[in-house]
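A.B. asks: output the structure for:
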Amino acid sequence: MTSPQTTPTTQTAQSDWWRQAVVYQIYPRSFADANGDGVGDLQGIVSRVPYLVALGIDAVWLSPFYPSALADGGYDVDDYRNVDPRLGTLDDFDQLIEALHTEGIKLIVDIVPNHTSNRHEWFVEALEAAKGEPARERYIFRDGPEDSDGDQPPSDWDSVFGGSAWAKTDDGQWYLHMFAAEQPDLNWQHPEVRADFLETLKFWSDRGVDGFRVDVAHALVKDLSEPFPSKAMLPRQSESNGAHPLWDQDGVHEIYRDWRNLLNTYDPPRSAVAEAFVPAARRARYASADGLGQAFNFDLLQADFEYEKFRKVIEENLALAEENGSSSTWVFSNHDVVRHATRYGLPRNPKGGWQDGKDWLLSNGTEPTVDVALGLQRARAATLLMLALPGSAYLYQGEELGLQEVGELPAANLQDPAYFRSKGAEKGRDGCRVPIPWTVDGLSFGFGPGGSHLLQPKWFGAYSVQAQDGDQESTLSLYRKALAVRRGLRTGNSLTWVDATDWVLHFTRPGGWQCVTNFGAAPVELPDAAVVLSSGPLEGDKLPSDTTAWLI
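C.D. replies: Numbers count the residues shown, from 1 in each chain. You can find the predicted model right below:
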């Protein structure tokens, strides 16, 4: 094995830390609870910094921690420059940054620019103002059609969470909300909106934040020229190429150029990554050097565990990253999707498309039956493959434990607005947001001294950090070993394919690092090289099915 890389010393190297970083997403309300109220908090995260150090990550991505009514898990923000009192204070935030930075770990925070909460001071002011007054111009208010006497919404557009995208105010006007009604969309044509978010970026950057994850980055600019097209006339998002009035408008990039100009005033420049659900070819502009710099690639997350799909996604995204001078991002799980250890244990989606696990969730995790062992074996193989790829890898809290999705949450405990607004047609995302287990037993499996805001199942203890800590074959040990080895092997940002069969994915990285994944049904011969790590036990000198090995 090659020796670990030395700590970057040049400004260029410090500026590029994000290009091949391993970033660990923390959903703060479900990571660790220091005060025992059942909700995770910042001091809980501070107490677990030694765990993050032992894991071997480069950065933490902190999901929203701002004051919020939790209409959408914290993505309904009351105040962009403060901490939710249930999670702590700005002093606690500063302690967290210091604790992470002392250990050489960067901090990325979520920024939610498409919408505020309905409790934000601007929106409260807007509702108190009369129709046509300036206070309403920061949001998107419209009258209903004249032929309906204003009783119908301005258009028949649907919200992402189901139901109308318009909500009616007491004075008869309607405001646009592409998500929950408690999340009114901002008017990004308004100069005050643009200026205020620059102040927010500056506020957190000045406190030492290293980067930003931009929520719904493709939604800020909207073409609201009238008459509004009906939803039947709206183009498919995947084919609109900037023509959809609500998503991926070209004008959004002017905003991000301003953001990049600000972020580049820091030393080193603050990083940013876009959550932009757009076709791969359109994603490049979000990841450009004069834009945010990087954009999430969800293509691998949305691919079933199959050779052809993985190969195609990797080739396409590496080519795009090379074209725009960025680096790709790789992710399998996050706060919005069924955990990949569960998805990979489900049969193929009979409706076509990728196996997203949503139908399984609607059955409360009973139909079809999850092959837990197969799902975990494939998840371990997929993660080891991902960590060998050029680019940055995003991990979601609990996946290092091989944690399964909690499908059996009772309706009375659900919190996701997607469940309520869809009237139960979707169960929502609570199953991946259940507080993670730290100990084999206890009231909340070590999450905190009290209970937990989402119910943890009895089987959680077997997946806990305590249960896996001393087991060299555990998934936690695999992640720790993989991140340590990756840090030593990681060099250039390139990859060379080694073609063999249509079921073995094999590539090399600079310095002689090889990664081999067997998607086939039978064991395969390994190259004549030393195996430094594998996602599961080998069969002699052969690589079993659904297994990845690193060699050098």
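A.B. asks: now the residue located most distally from the centre of the chain: phi and psi?
C.D. replies: Computed with CA atoms, centre = their mean, the residue of the chain farthest from its C-alpha average is D147, at 43.2 Å. Dihedral pair for D147: phi -70, psi -10, per degrees, to the nearest 10.
A.B. asks: ok, it - contacts?
C.D. replies: Contact partners of D147, counting by CB atoms under 8 Å, 6 or more residues apart in numbering, are absent. Bear in mind the C-beta positions are built from the backbone N, C-alpha and C, glycine included.
A.B. asks: for Q173, see how far away it is.
C.D. replies: To Q173, D147 is 17 Å away according to CB to CB, to the nearest Å.
A.B. asks: tell me which stretches of the stretch 401-550 of the chain form helices.
C.D. replies: 417-421, 465-468, 475-489 (DSSP state H, counting those that start in this stretch).
A.B. asks: which of those helices sits closest to L300?
C.D. replies: With CB to CB as the measure, helix 475-489 is the member of those nearest L300 (16.7 Å).
A.B. asks: relative to L100, how far out is the closest residue to R490 other than its chain neighbours?
C.D. replies: Leaving aside its chain neighbours, R490 sits nearest to Q20 (5.7 Å; criterion: CB to CB, 6 or more residues apart in numbering). Separation of Q20 from L100 (CB to CB) stands at 19 Å.
A.B. asks: separation between the closest residue to D151 other than its chain neighbours and A181?
C.D. replies: Distance criterion CB to CB, 6+ apart; nearest residue to D151, sequence neighbours excluded, is G144 at 6.2 Å. Noted for G144: a distance of 16 Å to A181, by CB to CB.
A.B. asks: do G56 as well
C.D. replies: 42 Å.
A.B. asks: equivalent analysis for L478, please.
C.D. replies: 43 Å.
A.B. asks: any chance of the helices of the stretch 401-550 of the chain in TSV, plus distance to P269, mean pLDDT and mean neighbour count?
C.D. replies: Listed next are the helices of the stretch 401-550 of the chain as TSV, based on distance: least, CB to CB, whole Å; pLDDT from 0 to 100; neighbours: other CB atoms under 10 Å:
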stretch	distance to P269	mean pLDDT	mean neighbour count
helix 417-421	35	90	21
helix 465-468	35	98	20
helix 475-489	23	97	20
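A.B. asks: between the ones you listed, which one is nearest to G291?
C.D. replies: The nearest among those, by CB to CB, is helix 475-489 at 27.6 Å.
A.B. asks: contacts for the closest one next, please.
C.D. replies: 1-5, 22, 54-57, 376, 380, 383-384, 387-388, 395, 400-402, 465, 468-469, 471, 509, 511, 513, 532-533, 535, 550, 552.
A.B. asks: and if you look at stretch 110-118?
C.D. replies: So stretch 110-118 is contacted by 61-64, 66, 68-69, 71, 75-78, 80, 122-123, 177-179, 181-186, 188, 197, 200-201, 212-217, 219-220 (CB under 8 Å, 6+ apart).
A.B. asks: please flag which of these sit within helices.
C.D. replies: Counting by DSSP state H, these place W122, F123, F197, T200, L201 in helices.
A.B. asks: go through these and name the one nearest S230.
C.D. replies: Nearest member of the ones in helices among the contacts of stretch 110-118 to S230, counting by CB to CB, is F123, at 27.4 Å.
A.B. asks: can you name the residues that contact that closest one?
C.D. replies: Going by CB under 8 Å, 6+ apart, the list of residues near F123 reads T116, S117, Y139, P184.
A.B. asks: please name the nearest non-neighbouring residue to the third one.
C.D. replies: Okay, so that is Y139. Per CB to CB, 6+ apart, closest to Y139 is P184, 5.1 Å.
A.B. asks: G402 touches Q377, doesn't it?
C.D. replies: No. Using CB atoms under 8 Å, G402 is not in contact with Q377; the gap is 9.7 Å.
A.B. asks: which helix or which strand is home to W204?
C.D. replies: Counting by DSSP states H and E, the element that carries W204 is helix 191-206.
A.B. asks: what residues does that helix touch?
C.D. replies: Here helix 191-206 has contacts from 80-81, 109, 111, 113, 138, 186-188, 212, 255, 258-259, 262-263, 266, 270, using CB under 8 Å, 6+ apart.
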